[in-house]
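Trainee: following is a predicted model, sequence given first.
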Amino acid sequence: MQLLLIAHDPSNNTRTLAEAVLAGAESVAAQGLTVRHVRPLKACADDVLSSDAVILGTPENLGYMSGALKDFFDRSYYGLLDHTDALPFAFYVRAGQDGTGTRRAIESICGGLKWNLAQPPVICRGEWQDAFLDQCRELGATMAAGLEAGVL
Ligand SMILES: Cc1cc2nc3c(=O)[nH]c(=O)nc-3n(C[C@H](O)[C@H](O)[C@H](O)COP(=O)(O)O)c2cc1C
């Protein structure tokens, strides 16, 4: 089984969020589960097609997901449509002020793909807090544990 993280991490803080998701997932992953991070500018439909669940991560810029994550969807959408129905996914957003526009956009695109939101979105809003790392670690751990237990 494979859990895929597609996260844009252009700053120190967003890098540590992605690392926290990976660490959380790896903390519960047994031998049968591989956890991979592919950055969105490098990710393609095949990465998702070979995965059993996906976690998306992005900063919010100008009221929307990062251009990098949007580029991934632009290039991959039709390669995924009708081939990834009910794929379990989760996401986190690092938002300096808001996060609403990014949340709405991700839910809309992934809804179009008929993916299943497996966990409530983690919106890391406002001034940086180390608690964001705990939330992201838990997101990774919960997704990995759910996959391994066959409940996603
Ligand atoms: C050009 C630009 C636009 C931004 N637009 C938004 C925005 O619309 N909503 C928001 O919540 N934060 C916005 N931010 C703040 C970013 O979300 C934040 O800088 C980013 O997540 C990185 O956070 P970090 O400094 O903790 O790494 C913007 C930042 C930049 C540089």
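Mentor: Right, received. Where do you want to start?

Trainee: okay, CA-based contacts and neighbour counts for the rest of this
Mentor: Will do.

Trainee: what segments of the chain are helices?
Mentor: Taking DSSP state H as the test, the helices found in the chain are 12-28, 45-49, 67-80, 100-112, 131-149.

Trainee: please tell me how far the residue sitting furthest away from the middle of the chain sits from the ligand.
Mentor: Note on the chain: the largest separation between a C-alpha and the mean C-alpha position, by CA atoms, centre = their mean, falls on residue 31 (21.8 Å). According to CA to the nearest ligand atom, to the nearest Å, residue 31 and the ligand sit 33 Å apart.

Trainee: Provide the backbone phi and psi angles at that residue.
Mentor: Taking degrees, to the nearest 10, you get phi -60, psi -30 for the backbone angles of residue 31.

Trainee: okay, the most centrally placed residue in the chain and the ligand: tell me how far apart.
Mentor: Residue closest to the average C-alpha location in the chain (CA atoms, centre = their mean): residue 56, at 1.6 Å. Separation of residue 56 from the ligand (CA to the nearest ligand atom): 14 Å.

Trainee: for residue 47, same thing?
Mentor: For residue 47, the distance to the ligand - CA to the nearest ligand atom - is 25 Å.

Trainee: that residue: how many residues sit nearby?
Mentor: By the criterion of other CA atoms under 10 Å, residue 47 has 17 neighbours.

Trainee: contacting residues for it?
Mentor: residue 4 (CA atoms under 8 Å, 6 or more residues apart in numbering).

Trainee: can you check residue 44 too?
Mentor: 72, 75-76.

Trainee: and residue 84, by the same measure?
Mentor: Going by CA under 8 Å, 6+ apart, residue 84 touches 49, 113-115.

Trainee: please report phi then psi for it.
Mentor: phi -130, psi 30.

Trainee: what pLDDT does the model give it?
Mentor: Residue-level confidence at residue 84 comes out at 98, pLDDT.

Trainee: touching, residue 90 and residue 55? I think so.
Mentor: Yes - counting by CA atoms under 8 Å, residue 55 is a contact partner of residue 90 at 4.8 Å.

Trainee: still on that earlier bit, show me the beta-bridge partners of the residue nearest to the centre of the chain.
Mentor: residue 6, residue 91 (DSSP bridges).

Trainee: quick one: it and residue 92, what's the gap?
Mentor: Computed as CA to CA, to the nearest Å, the residue 56 to residue 92 distance reads 6 Å.
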